[in-house]
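In: could you look at this predicted model? Sequence included:
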Amino acid sequence: MGLGIVIIVHLIGIFILSLLIAAFARIVAYSISRKKSRKTGIITLISPFIALYTLYFAALAGSIIVSVYKKVDIGIGDAWYVPLSGTCQLLFIDVPENGFLECNGETIITDIAQIQVGEDNIYAKTNEDHYFSFNVTNSSLIEFSNEADFIINTTIDKITLKNATDYYFERRNEIAGTSLTIVGIISLLVSTFVVLIFIKIVLRIYRPRDI
């Protein structure tokens, strides 16, 4: 699904979840206090929506910032990518099992199942058992006839081809994991702060004439 559709689905899901939390919170609040008040009703009804939507949009904004500076995807949508050596990146579109090697906006290798990244070369095995070596310095691409040919003619000391999807997650976590964790913490703090401000405003408005 496209990014816009994914966001719409998320917003609908957040609305439903907020509604359920609000209903549960209202039942709990009234059963504990045994006293219906307007301010309690407003707080329990609206707070979940404010909390979850603020958390979502803050996290989304933070993820976009991380994406721009770290050159990784934002984590939602139909495209996932991480930078490799030079100007190359490992890219997935729609199907996470089939990767693409893209350099300078040009697709070099498609249908990647396994990958290994060296200092100057990127090695790949496709789902059709084709083997490739791409030199990021001179942009030369070599295709090997079979696995034996690949093993004999590669210049690396040890061949450790890794599942492309696993490599993507490891690489993304290595590059942006800490930044995304910080974004999550900040988003949670912002959400909490906004909810507390909302509660404070409601309490101030209804303090003189609470019913």
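Out: Right, received. Where do you want to start?
In: how is the chain partitioned into domains?
Out: 3-74+176-200, 79-174 (automatic domain parsing).
In: got these as JSON lines, with distance to R207 columns?
Out: Heads up, the C-betas are built off the backbone N, CA and C, glycines and all. Listed next are the domains of the chain as JSON lines, based on distance: least, CB to CB, whole Å:
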{"stretch": "domain 3-74+176-200", "distance to R207": "8"}
{"stretch": "domain 79-174", "distance to R207": "48"}
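In: now these as JSON lines including mean neighbour count?
Out: Output for the domains of the chain, formatted as JSON lines (neighbours: other CB atoms under 10 Å):
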{"stretch": "domain 3-74+176-200", "mean neighbour count": "15"}
{"stretch": "domain 79-174", "mean neighbour count": "16"}
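In: next, format those as TSV and append mean pLDDT.
Out: Formatted as TSV, the domains of the chain follow (pLDDT from 0 to 100):
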stretch	mean pLDDT
domain 3-74+176-200	91
domain 79-174	89
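In: show me what contacts I185?
Out: With CB atoms under 8 Å, 6 or more residues apart in numbering as the criterion, no residue contacts I185.
In: what about it, which SS state?
Out: Three-state assignment for I185 (DSSP: H, G, I helix; E, B strand; the rest coil): helix.
In: which stretches of this protein form helices?
Out: 3-33, 38-70, 147-153, 164-206 (DSSP state H).
In: grab the nearest non-local neighbour of the residue nearest to the spatial centre of the chain.
Out: The residue lying closest to the centre of the chain (CA atoms, centre = their mean) is G75, at 2.0 Å. Leaving out its chain neighbours, the residue that sits closest to G75 by CB to CB, 6 or more residues apart in numbering is S63, at 5.6 Å.
In: gap between the one you found and D166?
Out: For S63, the distance to D166 equals 22 Å [CB to CB, to the nearest Å].
In: and if you look at A176?
Out: Distance, A176 to D166, by CB to CB: 16 Å.
In: quick check: beta-bridge partners of the nearest residue to N153 once chain neighbours are set aside?
Out: Nearest residue to N153 in three dimensions, chain neighbours excluded: F144, at 6.5 Å (CB to CB, 6+ apart). When bridges are called by DSSP bridges, F144 pairs up with Y131.
In: which of the helices of the chain sits closest to N98?
Out: The closest of the helices of the chain to N98 is helix 164-206. By CB to CB, the value is 8.1 Å.
In: give me the angle between that closest one and helix 38-70.
Out: Put simply, helix 164-206 runs at 150 degrees to helix 38-70, going by axes from the mean of the first three to the mean of the last three CA atoms, to 10 degrees.
In: please state the offset of helix 164-206 from the chain centre?
Out: Mean-position distance between helix 164-206 and its chain equals 13 Å (CA atoms, centre = their mean, to the nearest Å).
In: equivalent analysis for stretch 78-93, please.
Out: Using CA atoms, centre = their mean, the offset of stretch 78-93 from its chain centre is 14 Å.
In: so what touches that stretch?
Out: 1-3, 6, 71-73, 94, 96, 98-104, 108, 112, 115, 117-122, 134, 136-137, 164-165, 167-168, 171-172, 175.
In: re the thing from before, any idea how far the residue nearest to G75 is from V190?
Out: Taking CB to CB, one finds S63 at 14 Å from V190.
In: same question for I142.
Out: Separation of I142 from V190 (CB to CB): 50 Å.
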